[in-house]
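Trainee: coordinates only, sequence not included:
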């Protein structure tokens, strides 16, 4: 059952805590013969790394990815690929004061209620540090999808607090700024907003979109492996996610049927309110998913909280934190999209014998 | 892997097509000793039935639930519970004209692309008819949760097209009108809106909320069995769902951390932006989930579409359809909430030996 | 997790009790387009039916297989195939006297210890009646394997009590006698042995072999989905099974490496001690599995046992029972072989894109 | 689906090749609070280590177990436990000559047929090196079972080639000789047999038994998670296993029902032909499983084989090999027994709320 795993045929299991010796993952079910190196994976992991701008946490990890198995002479063998990244810049002493306290908005309380015992250092297993290995696994899926089916996946920041950036002005711009913002004109506004926010000690939410292009029609497994259900689960499993939309998403609530239904002609669909998925199966249109990320709860601004004895305490969070976790979420949603899609390509060829 | 199944320890598998002889489900993993009768289950299934008001499809199914196994002398035995509901009011001739056509916004095209072959009658497996057995399975989960942990689950219509009904005025009212609207004052407005809509031949979207109360803290399985991820998948697997939110949902994008984080005192949480889930684990607060349902695509208003030879055709959909599928979605989201929660109670006691 | 299911991509779930209204199964993951009729499936089910000779139980079931879903115009659609067989000849009154007793050698005691509650009629869920739906599901797998890969599966009685019949003299003979004995010359001996046994009121064990031919090399999923491990589990899940061997089986304990290893030449392997599986993966040789079935424990000869209050009682079992359950096991082991192989063909094409 | 994983609630995934940088495993679902150290685990792993006597391979691994996650302050946290063992004594040059050859009786040919590409060094993923991490994972399960339920698990060599050692004369003796032989009187005979065998360049098979005591009645999940089916799969997944028996095993074929059925009295069962499992559920009696291991196929005695171009070649295997893999199998079957039992204890409390 493995609750630290996801996927069906391509199955990813992750392990590791924020301040443990290492984090890592197993990728089971990867087809043999894919050329892959540790360097390629590390480059992808570095896209989500902290410490690259003043707008994120200042923890600086080398993200040195080691391939422990499943790759021989730079090619996958079909056996499980194990990846390991050592933690090299954890500062556990920052967390001494919350050892016996529950930070509001955090998993501290719920882990303690569930397990009666927790690794409090840096949030332990509930830390966003774990997402680094999702990106590592995703690097393999992206490469396989690109090579096998020319599938292309790209994410972008769609909104940060009050600033909307959902319209993509320039795809090239996305990777050229620390926000994954697709509009170079808005970057200065984001910079000043974040500078003021950081100064205030507060944090803010964000929305991140992702599109997958050239996805063949036919992916998805009705009824309880629907492609949109799988994507919803994948995105919602990312730290701080609170909502997921496919295509028109919540806008469909106020839409009429005549507006929403995407008409078809021999030249293709006339619109894409469905976000590329009908009845849980890909239609061949772009798959579009949007995810909401809540503001970080770790703030130096004090608030009311409890300690493990049930006493009220004032909580002040030290340590190094992202004032907006959504800023670094773009590579993560891309990775989750890639892993879900690759899994469904494999399943599709299992059931039908075809890749597309 | 079973793509027509969901859940881990409590595992539900469904089968059946809209116009086949019957629909049904298997519920595996239900603890022994629960008292349950076919009548109780049928009463729950009838809550989502069509044909009860002029605002839904006029297909009238008896929803006569048969228990084929797993229950002996009105108590569950621990072996799989199989439920069967015969289809008694299907009219397959209504679908003759779409035998070779793809209705835009429907799964016709994607099933055909996936399988190369489809049961076109009433949408076959992709029909919302399947959701009747989710409600049947959910009836068992609701009863077990209520008896074991006093968990109480209630859904309501939160928005229908432009009309917002998200504030609950009167819980008793919810089951007293065909919309599951929690505000008796708005019901007349909904009635006239739907009458006009039906007359126009168009359809509209809706939003449905659900709350679970008395859920013990500690449910959820980090990291890829997070309670919110499981709920997102469960809700998104319902026909026509396009978006899922937990707690503040997409509103968190514009929230500051000081606003979003729910402060704790010895008397409890001071707010519930988290929607009862922190780090993927229940906190003991109410669990609140909101789901967006798109407008029905089956309209008598013509539109452009394709036939299976790739020719453009004018599509006009006959048959009996809901002008707003969201209207009947309330019992379905309640059922999915119940099934996910019960599964996680069982898992929690597996891993910790405790129910709460 | 579904403990009443097996298989990965082709997943079979069964339900039903010996004396409940019906037994049935769901077959999820069957590729679309396979031509299949209820009659074909019933014919296969009838091969294991009781009441056809004096050597088996005299319960006479019509085995009228109904296809409830997943087949449209006599072809599979890719959605789950649900099969139902009504129970028509159960005699529950025969079991009144064991309502409060545990028959030694039966699951009565263990089900009661596990669940605290049991359907005692005919053994309830633990009855061999359940294997009828395995054969039904297996009929689909056999046909698909035969059509897709020309895989041919055949079982036979290899030993009954002291009488060894492991050498196949005549494949045609196997289906022409009630024992599935491959040697027409031994049939009279089996007849008289069974007649004497039945008269004595005792029962006896048996060994059943099965071979699969034309299985492509490459099936099996190291390391925990090894083809031999999957077959071992599948065979051991059959009622009364106590041992499973692949190829040389327990004979390999006394073999030298020079004797056991199957040498290869350009014309093929020189022997088949491996039973067609090396390292958990099929080698292209015949796959050979042998299963031991214990003697029926339901005897009219009294023995010492307990009732549910812990008191010692004399147990005498009435009802209609097979004096040798192994006699009817041949179609069941064939079905389990077929289901495991088809599942692994689907998995193999998932991971490699190839069928062979 | 994860084919490199086994177990349901307690789920173990392994990775690593014989000559890769490391082997390791993830143990997901372990309850929180178990005290465990890397040293305890290493001590268990060393029991199966090579290089301790002249009767096994001379590869000498330090088996330095590292705990990478899931344990905090020497206690499990409930999150996945990751274990790593670096490979420190691999000699890949020994395998240069079989780079393009298939050793008969090995997985060389079948991996190549499956994946079209293989890590030939030391057998790669198909090497028995992988079993070290099974023993590591098993160390955790054994400790948990002992502490929680006083379950005690012990294996022994039951037969080596022609020498039978199935009767346990002295439990203490088992761990005091390199064969895990339970009869000190037979050890000299085993020594001389093995010395002669090694000199001859040949290898031999073995049978290993394992017993679990104090297992509560009620474990096992009918019908496709039967305890015996799970044990059969677990044992058959071990390298070189060719047969599995529970209780009387294949001896039941010639038994009468009056002999086989284990009568019950208020003082307990009068025999244990069932091997502690009835209807797939534990009865509270000792669980007894026997596994056959084939002779090693890697011999310096030449034989006929093929190369990857299909040409016939003479195969002579160099490298360091066990002349009888069964000798070191005892700790492995113990580990597999422990892991299966612990998994089923967790499942049992999921479905019933009880541990016993």
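Mentor: Looks like it came in fine. Please read these numbers as outputs of a predicted model, since none were measured by experiment. Numbering: from 1, shown residues only, chains lettered A, B, ... in the order given.

Trainee: For the stretch 151-300 of chain A, which residue gets nearest to chain D?
Mentor: Nearest residue of the stretch 151-300 of chain A to chain D (Cβ to the nearest Cβ) works out as residue A:225 at 11.8 Å. Using the backbone N, CA and C atoms, a C-beta is placed for each residue, glycine as well.

Trainee: ok, that residue - contacts?
Mentor: By Cβ atoms under 8 Å, 6 or more residues apart in numbering or on different chains, the contact list for residue A:225 reads A:8, A:280, A:344, A:347, B:1, B:3.

Trainee: quick one: it from residue B:239, how far?
Mentor: Between residue A:225 and residue B:239 the computed distance is 15 Å (Cβ to Cβ, to the nearest Å).

Trainee: go on, residue A:260?
Mentor: Separation of residue A:260 from residue B:239 (Cβ to Cβ) stands at 14 Å.

Trainee: Just want to know which of the two has more residues nearby.
Mentor: Neighbours per residue, other Cβ atoms under 10 Å in any protein chain shown: of residue A:260 and residue B:239, the larger number sits with residue A:260, 26 against 22.

Trainee: Could you list which residues are in contact with the more buried one?
Mentor: So residue A:260 contacts A:248, A:252, A:273, B:105, B:205, B:294-295, B:297 (Cβ under 8 Å, 6+ apart).

Trainee: all helices for the stretch 251-356 of chain A, in order.
Mentor: Applying DSSP state H, counting those that start in this stretch to the stretch 251-356 of chain A gives helices spanning A:257-260, A:330-352.

Trainee: same question, the stretch 51-200 of chain A
Mentor: Applying DSSP H, counting those that start in this stretch to the stretch 51-200 of chain A gives helices spanning A:108-115, A:131-149, A:187-200.

Trainee: Can you add distance to residue A:43, mean neighbour count and mean pLDDT and give the ones you listed back as a markdown table?
Mentor: Formatted as a markdown table, the helices of the stretch 51-200 of chain A follow (distance: least, Cβ to Cβ, whole Å; neighbours: other Cβ atoms under 10 Å in any protein chain shown; pLDDT from 0 to 100):
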| stretch | distance to residue A:43 | mean neighbour count | mean pLDDT |
| --- | --- | --- | --- |
| helix A:108-115 | 33 | 24 | 95 |
| helix A:131-149 | 8 | 23 | 97 |
| helix A:187-200 | 23 | 15 | 96 |
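
Trainee: My read is that residue A:277 contacts residue A:248, right?
Mentor: No: applying Cβ atoms under 8 Å as the test, residue A:277 and residue A:248 come out as separate, 11.4 Å apart.

Trainee: Give me the buried positions along stretch A:27-37.
Mentor: Using 16 or more other Cβ atoms under 10 Å in any protein chain shown as the burial criterion, the residues of stretch A:27-37 that qualify are A:27-32, A:34, A:36.

Trainee: Just the closest of those residues to chain B, please.
Mentor: Nearest to chain B, judged by Cβ to the nearest Cβ, of these is residue A:29 at 11.4 Å.

Trainee: Was I right to think that closest one contacts residue A:7?
Mentor: Yes: between residue A:29 and residue A:7 a contact is recorded at 7.4 Å, counting by Cβ under 8 Å.

Trainee: what is in contact with these two at once?
Mentor: Taking Cβ under 8 Å, 6+ apart as the contact rule, residue A:29 and residue A:7 both touch residue A:343.

Trainee: and stretch A:198-209, how far from the chain's centre?
Mentor: Mean-position distance between stretch A:198-209 and its chain equals 17 Å (Cα atoms, centre = their mean, to the nearest Å).

Trainee: what about that stretch, start to end distance?
Mentor: With Cα to Cα, to the nearest Å as the measure, stretch A:198-209 spans 24 Å from end to end.

Trainee: Okay, buried residues for it please.
Mentor: Using 16+ other Cβ under 10 Å as the test for burial, stretch A:198-209 gives A:202-209.

Trainee: from memory residue A:285 sits against residue A:273, does it?
Mentor: No: checked against Cβ under 8 Å, the pair residue A:285 and residue A:273 is beyond contact range at 10.0 Å.
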